[in-house]
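[1] How does the following fold in three dimensions:
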Amino acid sequence: MTRAQYALNVVTDPSATKTDDGAALDDIDVIADAPPTATIVLPAYNEAEALPTVIEEIVAVLGSSYEIIVVDDGSTDDTARVAAEAGAIVIRHEVNEGKGAAMATAARHAKSDALIFMDADATYPPDAIPKMVASLESHQLCRGDRSHGSANIPTINRLGNRVFSKLVSGFHGVGGDVLSGLYAIRNEDFEDLKLQSVGFDVEVEIGIKSRLLRWDTDSIEIEYRPRIGDKKLSPGIDGLRILIRVLGMLVLYRPVATFVIPGLFVMSGGIVGAVLLRDGPVQIASLSLGLSIHSFVVATFGIIAGLQAVILGVAASVYRQEAGFDQSKFLVRLTHRRSRLTIAMVGGLLAIGGFIWMSILIIGWLTSGADEFSHTQNLVFSSATSVIGLQLMSAGIFLSIFAERSPRHAVLL
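    As a prediction, the model looks like this:
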């Protein structure tokens with residue numbers, strides 16, 4: 001293939017406007033009588049060694065009815081050249097942006113509605129692709145389940161896969177090989193996911209969000225093969241990124257389990273402790289334990305901390321609904337106009353009442369000669385009441401602003 005032919009086979013991302021020799025490259029639309037059966041997306045970073053084999057196998061199995069897009073994600077080798085010479089459409093990133101970013105770029109250029117995402121290291125079998133495309137007729141997501149060939153996965157990666165699969169299954173209810181690098185999805189559904197991941201944590205985000213959206217998912221058993229070339233996934237850095245993604249989505253998309261229930265538990269414990277200790281120290285003879293004013297202060301602040309966790313849970317539930325996911329009926333009711341106004345009004349009354357109570361205690365102490373202060377518990381409790389009131393009032397105002405600015409919340413107004 002000549003240099004001119006190579007250039008004409010490259011579709012450039014807006015951030016990549018020149019070839020290595022400085023020649024300008026324009027986006028080139030491939031004119032075809034009919035859209036391809038599916039678009040095979042190969043995110044690639046320094047995969048010049050594996051790509052000729054991968055593309056050759058895909059063409060041999062699938063023929064010319066499939067579109068192959070290779071996203072050269074800032075490679076420093078000949079990834080773009082060998083991919084173009086093998087017949088793929090190449091989209092180039094000037095810098096390494098990550099696997100998730102490469103997938104998003106390819107989806108914007110794909111001419112088929114059926115997308116097949118596949119690692120470019122020759123570890124996944126192309127003969128599974130037709131079955132996955134067929135699965136999209138009745139499912140919104142189909143994964144290649146690495147049921148065979150696990151010995152070809154490095155030991156540390158295999159252990160990490162098991163750990164993350166357990167976490168994603170336990171926290172989010174997502175089963176199967178959630179970290180598989182081979183899966184099929186419709187382009188419109190891919191857009192609906194509104195992915196934020198740019199790295200190797202993208203598979204986890206797709207799995208969790210597909211579960212939240214109640215998609216019909218499918219899986220096909222495949223054999224994982226030995227990779228060609230150097231591995232790109234770092235067990236430490238990328239493993240930490242995946243863990244953060246799993247826990248971060250737990251915080252955002254399961255607010256009842258993450259915030260509301262623990263917050264209510266802490267708040268209840270704080271209330272019980274504050275009531276028991278309000279009139280003075282408590283001795284627990286069986287445990288040789290004495291609880292004093294310090295324990296009362298801790299219990300009181302426990303009430304505040306627990307309430308703050310509940311409020312964060314409610315805020316996260318509003319975010320979850322705006323993102324297009326279902327939320328609990330309890331939290332839906334809580335964000336209705338009447339509920340928000342009630343929360344704000346109760347908060348205002350508590351704030352004012354606590355401030356008045358605190359003022360009476362301080363003024364009484366000053367007018368009595370400002371001797372030793374003997375109402376410490378009441379002062380702490382009145383201060384906490386004011387703070388709790390301000391929290392509730394702010395929460396009501398925040399929820400109202402959040403709801404009224406969002407079209408998704410029109411039903412709640």
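[2] Next up, the contacts around the residue nearest the centre of the chain.
    Closest residue to the average C-alpha location of the chain: M249 at 4.1 Å, with C-alpha atoms, centre = their mean. Counting by C-beta atoms under 8 Å, 6 or more residues apart in numbering, M249 makes contact with H172, V204, E205, I208, K209. For the C-beta atoms, the positions are set from N, CA and C on the backbone; glycine is no exception.
[3] and if you look at A384?
    So A384 contacts T300, F301, I303, I304, G354 (C-beta under 8 Å, 6+ apart).
[4] where along the stretch 201-350 of the chain do the strands fall?
    Taking DSSP state E, counting those that start in this stretch as the test, the strands found in the stretch 201-350 of the chain are 217-223, 282-284, 289-291.
[5] Those strands: lowest mean pLDDT?
    The weakest mean pLDDT among the strands of the stretch 201-350 of the chain belongs to strand 289-291, with a mean of 50.
[6] And the residue nearest to the centre of the chain, how far from D119?
    Separation of M249 from D119 (C-beta to C-beta, to the nearest Å): 23 Å.
[7] cool, V198 as well?
    Going from V198 to D119 by C-beta to C-beta gives 16 Å.
[8] neighbour-wise, which of those two wins?
    Per other C-beta atoms under 10 Å, whichever of V198 and D119 has more neighbours is D119, with 20 against 16.
[9] re earlier: buried ones only from the contacts of A384, please, as a ChimeraX command.
    Provided next is the ChimeraX selection string for whichever of the contacts of A384 are buried by 16 or more other C-beta atoms under 10 Å:
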select :300,303,304,354
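[10] need the helix or strand of the protein with the lowest average pLDDT.
    None of the helices or strands of the chain scores lower by mean pLDDT, DSSP states H and E than helix 3-8, at a mean of 38.
[11] Next SSE downstream of it?
    Remark: after helix 3-8, the chain's next helix or strand is strand 39-44, criterion DSSP states H and E.
[12] tell me which strands and helices that next one is in contact with?
    On a contact count with 3 or more C-beta pairs under 8 Å, 6 or more residues apart in numbering; DSSP states H and E, strand 39-44 meets helix 51-62, strand 67-73, helix 79-85, helix 99-109, strand 114-118.
[13] Just send the ones you listed back as JSON lines, with distance to S386 too.
    Below are those laid out as JSON lines (distance: least, C-beta to C-beta, whole Å):
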{"stretch": "helix 51-62", "distance to S386": "65"}
{"stretch": "strand 67-73", "distance to S386": "54"}
{"stretch": "helix 79-85", "distance to S386": "62"}
{"stretch": "helix 99-109", "distance to S386": "46"}
{"stretch": "strand 114-118", "distance to S386": "54"}
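[14] Determine which stretch of the ones you listed is the most buried.
    Mean neighbour counts were taken over the helices and strands packed on strand 39-44 using mean count of other C-beta atoms under 10 Å, and the top value, a mean of 28, falls to strand 67-73.
[15] I'd say T258 and V310 touch.
    No. Counting by C-beta atoms under 8 Å, T258 stays clear of V310, with 11.1 Å between them.
[16] Comparing those two, which residue is more hemmed in?
    V310 (22 against 19).
[17] Would you indicate which residues of the helix or strand hosting T385 are buried?
    Here T385 sits within helix 376-405, counting by DSSP H and E. Buried residues in helix 376-405, counted by 16+ other C-beta under 10 Å: 377, 380-393, 395-396, 398-400, 402-403.
[18] Give me the buried entries from the contacts of M249.
    By neighbour count, with 16+ other C-beta under 10 Å, the contacts of M249 hold H172, V204, E205, I208, K209 as buried.
[19] Mark which of the contacts of A384 are part of helices, please.
    Counting by DSSP state H, the part of the contacts of A384 found in helices is T300, F301, I303, I304, G354.
[20] tell me the contacts of the first one?
    Remark: with contacts taken as C-beta under 8 Å, 6+ apart, T300 is in contact with G270, A274, V380, F381, A384.
[21] of those, closest to E97?
    Of all the contacts of T300, G270 has the smallest distance to E97: 46.5 Å, by C-beta to C-beta.
[22] Surely the closest one touches A299?
    Yes. With contacts counted by C-beta under 8 Å, G270 reaches A299, the gap being 4.8 Å.
[23] got any residues that touch both of those two?
    By C-beta under 8 Å, 6+ apart, no residue touches both G270 and A299.
[24] any idea of the mean pLDDT in stretch 43-50?
    The pLDDT scores in stretch 43-50 average 93.
[25] An error on my part: the question was meant for stretch 202-212.
    Per-residue pLDDT over stretch 202-212 has a mean of 90.
[26] one step back: need the ones in helices among the contacts of A384 in a markdown table (columns: pLDDT).
    Listed next are the ones in helices among the contacts of A384 as a markdown table, based on pLDDT from 0 to 100:
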| residue | pLDDT |
| --- | --- |
| T300 | 86 |
| F301 | 87 |
| I303 | 90 |
| I304 | 91 |
| G354 | 91 |
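[27] Widest-spaced pair of those residues?
    The largest separation in the ones in helices among the contacts of A384, counting by C-beta to C-beta, is between F301 and G354 at 14.4 Å.
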